[in-house]
Every structure is written in structure tokens, then in C-alpha cells.
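Asks: My questions concern the predicted model and sequence given below.
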Amino acid sequence: MQLRRGEFERIRTVLAEANDDALTAREIHERLAARDAALDSPHRVATVLGRRADAGDIEVIESQPYRYRLVDSP
């Protein structure tokens, strides 16, 4: 499954506004929905974030549920 154009950018905006607070995929999805910029589901949010975590852009905090935050750029 390929990332759709702009998905990560929308998610990154929400995470950047959360400062250092880690958010769940559901919380991110709800914040995107409030802006009329939601992805298909919280599962889609988690999929996009998981792929970007592999690239080092996102930190995944493995708790129940998983939480996500941006990795500080050097």
C-alpha cells in the first residue's frame, strides 16, 4: 500500500501542534477530522506513522495504545 500524497504532512501538522505530547492514532484522527482533513480511519493514521517511523521521522511509544510523536530534527 502506497502512501497517498499529503497524508503524512497533515499528520505531522497535528503532531507539531501537540508539542512534545505523544498522541494515539485515534487522537490524531479526531484532530484531523475536526479540520475536515481526516484520513480514512485511525488504522490508516497508524499505518502512515509506522512507515514513517521506519524512516526515522516518528517515535513510536509502545504502550496500550501505541502513541506517536515527531522525532526532533538535528
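Replies: In hand now; what should we look at?
Asks: Only the buried residues of the longest helix seen in the chain, if you could.
Replies: In terms of residue count, the longest helix belonging to the chain (DSSP state H) is helix 42-54. For helix 42-54, the neighbour count (16 or more other C-beta atoms under 10 Å) marks 42, 44-49, 51-52 as buried. Where C-beta positions appear, they are placed from N, C-alpha and C, glycine not excepted.
Asks: For residue 21, which non-adjacent residue is closest in space?
Replies: residue 69 (7.1 Å; C-beta to C-beta, 6 or more residues apart in numbering).
Asks: Bridged to that neighbour, which residues?
Replies: For residue 69, the beta-bridge partners are residue 59 (DSSP bridges).
Asks: Could you pull up the contacting residues of it?
Replies: Each residue near residue 69 by C-beta atoms under 8 Å, 6 or more residues apart in numbering is listed here: 15, 18, 20-23, 58-59, 61.
Asks: Swap in 10 Å and give it another go.
Replies: 15-16, 18-23, 49, 58-61 (C-beta atoms under 10 Å, 6 or more residues apart in numbering).
Asks: One more: residue 62?
Replies: Neighbouring residues of residue 62 by C-beta under 10 Å, 6+ apart: there are none.
Asks: Could I get the buried residue list for the host helix or strand of residue 30?
Replies: Assigned by DSSP states H and E, residue 30 belongs to helix 25-34. Buried residues in helix 25-34, counted by 16+ other C-beta under 10 Å: 25, 27-29, 31-32.
Asks: Please apply the same query to stretch 55-72.
Replies: 58, 60, 67-70.
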